[in-house]
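> What would the 3D arrangement of this be:
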Amino acid sequence: MSYYPDVSENPLREALKTIVGKAPPSFVKGYDTRILTDEESLALQDWASLNSRPYWATGFGIVEAAELLVATAVENGNIPPKPAVMVMEYGVTLSDFLEDRKVRVAEKVRVLKALRAQKLIPEPPLFKEDSPSSQLKRLKRWAKGIE
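Residues are numbered from 1 along each chain as shown. Predicted coordinates:
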């Protein structure tokens, strides 16, 4: 069993604070920026650019550096991996939930929208023109990529 003393649930916040020297905006959480909206991503880059030194550093570069710092710490075993997204109603991970053939596609879409509303996952790729089966295949591939 691994032991990670004093590990934050928000290592990206810690990395950004270390790089920039100031606490990042409150909407920054977790291990990466994938759950941020486009507006939040731009606001974070602006914040990083305006609050950091050297003056020529870009906001995008600073955020990327912080994400790399977190990813490297996970790879090295210095911090625990990002926890799997759980579907609490069913007691399973999101990937397992989407693989479950007993659950209807409409229920899966409802759960995905609820998880997104809570900012636990990035925007899922839902396309109205897709058939339910192709939509489900797309969602399964997507879920494996975020966990």
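
> Identify each buried residue in whichever strand or helix holds Leu69, please.
Per DSSP states H and E, Leu69 falls inside helix 59-76. Residues of helix 59-76 classed as buried: Gly59, Ile62, Val63, Ala65, Ala66, Glu67, Leu69, Val70, Ala73 (neighbour count, 16 or more other C-beta atoms under 10 Å). All C-beta atoms are positioned from the backbone trio N, CA, C, and that covers glycine.

> Output those residues in JSON lines, with distance to Gly21 and pLDDT appended to each entry.
What follows is these, written out as JSON lines (distance: C-beta to C-beta, whole Å; pLDDT from 0 to 100):
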{"residue": "Gly59", "distance to Gly21": "14", "pLDDT": "94"}
{"residue": "Ile62", "distance to Gly21": "11", "pLDDT": "95"}
{"residue": "Val63", "distance to Gly21": "15", "pLDDT": "95"}
{"residue": "Ala65", "distance to Gly21": "14", "pLDDT": "95"}
{"residue": "Ala66", "distance to Gly21": "12", "pLDDT": "95"}
{"residue": "Glu67", "distance to Gly21": "18", "pLDDT": "93"}
{"residue": "Leu69", "distance to Gly21": "15", "pLDDT": "93"}
{"residue": "Val70", "distance to Gly21": "17", "pLDDT": "91"}
{"residue": "Ala73", "distance to Gly21": "19", "pLDDT": "88"}
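
> So which of those residues is the closest to Leu112?
Within the buried residues of helix 59-76, proximity to Leu112 (C-beta to C-beta) peaks at Glu67, which comes in at 23.7 Å.

> OK, contacts around the nearest residue in space to the closest one that is not next to it in sequence?
Nearest non-adjacent residue to Glu67, counting by C-beta to C-beta, 6 or more residues apart in numbering: Asp32, 5.2 Å away. Going by C-beta atoms under 8 Å, 6 or more residues apart in numbering, Asp32 touches Leu12, Glu67, Val70, Ala71, Lys82.

> Thank you kindly, that will do.
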